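Participant: What follows is a predicted structure for the sequence shown.
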Amino acid sequence: MKIVELILDENDDLNGIEAISIVENPAIEEDFIALKDKKPLQLAEVDKERKILMGALLIPNRPIYRINEEEEYYIYFSRDTVLKASQKYLKAGNQKNSTLEHQMNIQGLTLVESWIKEDMVHDKSVKYGMDVPIGTWMGSVKVDNDEVWNDYVKTGLVKGFSIEGYFADKAESPQDKGIKDELNEQLEAESLINQLKDILKEFKEPCWDGYEMKGYKMLDGKKVPNCVKIK
């Protein structure tokens, strides 16, 4: 499966991040970037009284699965692109552009703090227990919207940040060996996790649809689930 690097064309006004969305399970649309890694991007309640949330906005060199009508593939952003995207977002004055689940514009959310993680020990993200790599775009969002805070944040209906924007394709394969190795390692880890999930699912649901497990039976000298048809 191919891996495509997305880049930011700084001379194209249409390129860049337009808004930050607070989401639970964001969709990845065909030609529109609305991203959150499969691994939940943790939000930290930095200050409950002032209603500030902190989280990762964009992580570099991390493969993100996409699919369109023709094929399946992965995309990723380099550290340089993450940095440029964060700077262009602020230069464009988009700090107050916020949506809910990429579907509804919401008022009262403002990006009040933005930085690129440069240290694995002393970075602010470490203080709040966030294990993100060097080069990650981190941000703190002030929530001056009681409805959003009470109905979505406090109830846990939203669990992370997600970006909205447009980027350009650069290449079908990363040229840098270090990046290529890092992407392959993450894909292998993801594949292993998916295999383990399938095993666990099979263990929890050993019988096919329409049947249920009633103890065990012996089959060819092996102990297997005894699946009987549900009446």
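Facilitator: That came through fine. Predicted, not measured: the structure shown is a model, and the values here were computed from it.

Participant: going forward, measure contacts and count neighbours with C-alpha atoms only.
Facilitator: OK.

Participant: quick one: contacts for residue 118?
Facilitator: Listed by C-alpha atoms under 8 Å, 6 or more residues apart in numbering, the contact partners of residue 118 are 134, 135.

Participant: Would you quantify the distance from it to residue 94?
Facilitator: 24 Å (C-alpha to C-alpha, to the nearest Å).

Participant: Poorly predicted segments of this protein, please.
Facilitator: Applying pLDDT under 70 to the chain flags residues 25-49, 171-183, 186-187, 189-206, 220-221.

Participant: Residue 126 belongs to a strand?
Facilitator: No: using DSSP: H, G, I helix; E, B strand; the rest coil, the secondary structure at residue 126 is helix, not a strand.

Participant: Would you check that it makes contact with residue 117?
Facilitator: No: counting by C-alpha atoms under 8 Å, residue 126 stays clear of residue 117, with 9.6 Å between them.

Participant: Have a look at these two and say which one is more surrounded.
Facilitator: residue 117 (20 against 14; other C-alpha atoms under 10 Å).

Participant: Next one: that one from residue 167, what distance?
Facilitator: Using C-alpha to C-alpha, one gets 22 Å for the distance from residue 117 to residue 167.

Participant: any idea how far stretch 216-227 is from the chain center?
Facilitator: 41 Å (C-alpha atoms, centre = their mean, to the nearest Å).

Participant: With only the CA atoms kept, save it in PDB.
Facilitator: What follows is stretch 216-227, C-alpha atoms only, in PDB (Å, rounded to 0.1, in the frame of the first residue of the first chain):
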ATOM      1  CA  TYR A 216     -17.100 -26.800  24.900                       C
ATOM      2  CA  LYS A 217     -16.900 -30.100  23.000                       C
ATOM      3  CA  MET A 218     -14.100 -32.300  21.600                       C
ATOM      4  CA  LEU A 219     -13.400 -32.200  17.900                       C
ATOM      5  CA  ASP A 220     -10.500 -34.300  16.400                       C
ATOM      6  CA  GLY A 221      -9.000 -34.500  19.900                       C
ATOM      7  CA  LYS A 222      -9.200 -30.800  20.500                       C
ATOM      8  CA  LYS A 223     -11.400 -28.800  22.900                       C
ATOM      9  CA  VAL A 224     -13.400 -26.300  20.900                       C
ATOM     10  CA  PRO A 225     -16.500 -24.100  21.600                       C
ATOM     11  CA  ASN A 226     -19.800 -25.800  21.300                       C
ATOM     12  CA  CYS A 227     -21.900 -23.500  19.100                       C
END
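
Participant: Tell me the secondary structure of residue 10, please.
Facilitator: coil.

Participant: ok, now residue 89?
Facilitator: Going by three-state DSSP: residue 89 is helix.

Participant: ditto for residue 85
Facilitator: Judged by three-state DSSP, the three-state class of residue 85 is helix.

Participant: Name the nearest residue to it, sequence neighbours excluded.
Facilitator: Nearest residue to residue 85 in three dimensions, chain neighbours excluded: residue 16, at 5.9 Å (C-alpha to C-alpha, 6 or more residues apart in numbering).

Participant: can I assume that neighbour is in contact with residue 166?
Facilitator: Yes: Residue 16 lies in contact with residue 166 (C-alpha under 8 Å); the separation is 5.5 Å.

Participant: how far away is the closest residue to residue 63 other than its chain neighbours from residue 167?
Facilitator: Nearest residue to residue 63 in three dimensions, chain neighbours excluded: residue 76, at 5.1 Å (C-alpha to C-alpha, 6+ apart). Separation of residue 76 from residue 167 (C-alpha to C-alpha): 11 Å.
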